[in-house]
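Below are the sequence and a predicted model for it; my questions follow.
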Amino acid sequence: MQLKDVGEFNFIRHIQENTINDASTVITGIGDDCAVYSTTDKTDQLISTDTMVEGVHFSFHYMMPYDVGYRLMTANLSDIAAMGGMPRQIVLSVAAPEHIDTAILDEIYRGIKDQCKRYHLNILGGDTVRTEGPMVWTVTIIGDVPTGTAIMRSGAKVGDAVGITNYVGYAATGLGALSYNLEGYHMTKVGHQRPDPQIELGQQLRQLGIHSMNDISDGLGSELNEIATASNVSIVIEEQAIPLHEETYELAQYLHTHPVDYALYGGEDFQLVFTAPKSLLPELQKLGGITIIGEVVSGPSQVQLVTPDKMIKTIEAKGYNHFHES
C-alpha cells in the first residue's frame, strides 16, 4: 500500500505503538501539540540532531529499509555517547514521497524502534510530510549527564594519551565491499549497515575521568583535528597502533589502496576517540575494546601521523564533508 492511500494521520496512528520504553520520564507522549517529559535538577541536558537523506547518506542498493532506521538511530546515539551521556528521548520527522510503499516505512521504523528499545529510549513525537524529492529522515535526540560532567572536545591536555574504541575504518571497508559487489567481508558489511553506538563505553570513560572525547562519524582524521582545534593542542598518533580489522587490509590489498586511509577518512564507524591522563592507562586497559594510538603534545593545533618508517605526516581534516567540491 502506498503512503498516499493511508494518509498522514492514519500512518502516525499506525506507527504510534511501542514508542515508550521508559515511562518514568514521560508525562505526555505522542498525541498532543507537544510532548512533555520530566528531568531532574542533578543533570545537564544533552540535545543533538541528525538527518539522513536518501541517495546521500543511504542507498537501498546497499542497505535494507530496516538498516536505514537502525543506522539513523546509531548516528544520534553516538552523539550522546561522545559526551558520556545517557540517551532518554527522541522526536522523529520524515519527508517521504506519496507513492512510497508503507511496508518500506514500516521496516525503517522497526529499525528505529529496535534501537530505541535496546537503549530504553522513548519516541515522543515528530512530523510526517510529503516530498517530491528523496526521503529525508531527521531525529532529534535528548539525553543527560550528571551536572557538570559532560565530556567536551575542548578538554584535551598536553601529556594525555589518545585512545580509541574497537576498530576504525570498519564501515568504510564494508561500504567499499558492497560498492564493488565483493563476496565475503561479512563483518565490515554489517559494520556499515548496522553500526552500534558506544553508549556504555562512553559512560565508563566519563566516569573514569577522561579529558576530551569525540565520536567518529566523519573519519578519525577529522575528529582528531576537531579535538586539537577545540583544545588548542597538537596530537601525534602512530599509524601502526590504529586498530584496523583484517577485512580492511584485505580490501586495501584488493583495491591497491592504503588501509589506514579507511580509518582516517572513511567515517561512519560511530566509535569514540578520546584523550585521557596517562595515570588512567591501567583502568583503561581493564575496560576492553580500548587501543592507545598516540599522545597530546604542545604545539599548533594539528594532527600528525608517524608512519612505520618514522616519517611524519600532517593529517588534514578531510573526512566526509557534505559541501566539499570534489
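Yep, that arrived.

tally of neighbours for the nearest residue to His61 once chain neighbours are set aside?
Spatial nearest neighbour of His61, chain neighbours left out: Leu178 (7.9 Å); criterion: CB to CB, 6 or more residues apart in numbering. For the C-beta atoms, the positions are set from N, CA and C on the backbone; glycine is no exception. As a burial measure, Leu178 scores 18 neighbours (other CB atoms under 10 Å).

got the phi/psi numbers for Leu178?
phi -70, psi -40 (degrees, to the nearest 10).

which regions of the stretch 101-250 of the chain lie under the pLDDT threshold?
Residues of the stretch 101-250 of the chain meeting the criterion pLDDT under 70: none.

how about the strands in it?
122-130, 136-146, 161-165, 212-215, 234-238 (DSSP state E, counting those that start in this stretch).

Switch those over to a markdown table; also include mean neighbour count.
A markdown table is the format used below for these (neighbours: other CB atoms under 10 Å):
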| stretch | mean neighbour count |
| --- | --- |
| strand 122-130 | 18 |
| strand 136-146 | 21 |
| strand 161-165 | 24 |
| strand 212-215 | 26 |
| strand 234-238 | 20 |
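
Figure out which of these is closest to Ile27.
Closest of those to Ile27 is strand 122-130, at 10.0 Å (criterion: CB to CB).

which outside residues touch the closest one?
Residues outside strand 122-130 that contact it (CB atoms under 8 Å, 6 or more residues apart in numbering): 3, 8, 11-12, 19-23, 25-26, 29-30, 34-35, 37, 88-98, 112-113, 116.

count of neighbours near Ser154?
Around Ser154 there are 14 residues (other CB under 10 Å).

tell me the contacts of it?
Per CB under 8 Å, 6+ apart, neighbours of Ser154: 212, 230-231.

switch to 10 Å and redo it
211-212, 226-227, 229-233 (CB atoms under 10 Å, 6 or more residues apart in numbering).

Which ones among those residues lie within helices?
226-227, 229-231 (DSSP state H).

and the gap between the residue nearest to His61 and Thr43?
40 Å (CB to CB, to the nearest Å).

Repeat that for Leu244.
As judged by CB to CB, Leu244 and Thr43 stand 37 Å apart.

Then Thr314?
For Thr314, the distance to Thr43 - CB to CB - is 40 Å.

The two: which has the busier surroundings?
Using other CB under 10 Å as the criterion, Thr314 and Thr43 rank with Thr43 on top: 18 against 10.

Skip the chain neighbours and tell me the closest residue to that one.
According to CB to CB, 6+ apart, the nearest residue to Thr43 is Asp144 (3.9 Å).

Quickly list what the one you found is bridged to.
Beta-bridge partners recorded for Asp144 (DSSP bridges): Gln45, Met86.

wait, isn't it in contact with Ile80?
Yes. Counting by CB atoms under 10 Å, Asp144 does reach Ile80; the two are 8.9 Å apart.

residues shared between the contacts of these two?
Joint contacts of Asp144 and Ile80 (CB under 10 Å, 6+ apart) are 46-47, 86-88.

biggest separation within the residues you listed, which pair?
Taking CB to CB as the measure, those span a maximum distance of 13.1 Å, between Ile47 and Met86.

Spell out which residues are contacts of both of the two.
80, 143-144.

Could you check how far Val306 is from Val158?
Val306 is 18 Å from Val158, by CB to CB.

do the same with Arg71
Distance from Arg71 to Val158, by CB to CB: 37 Å.
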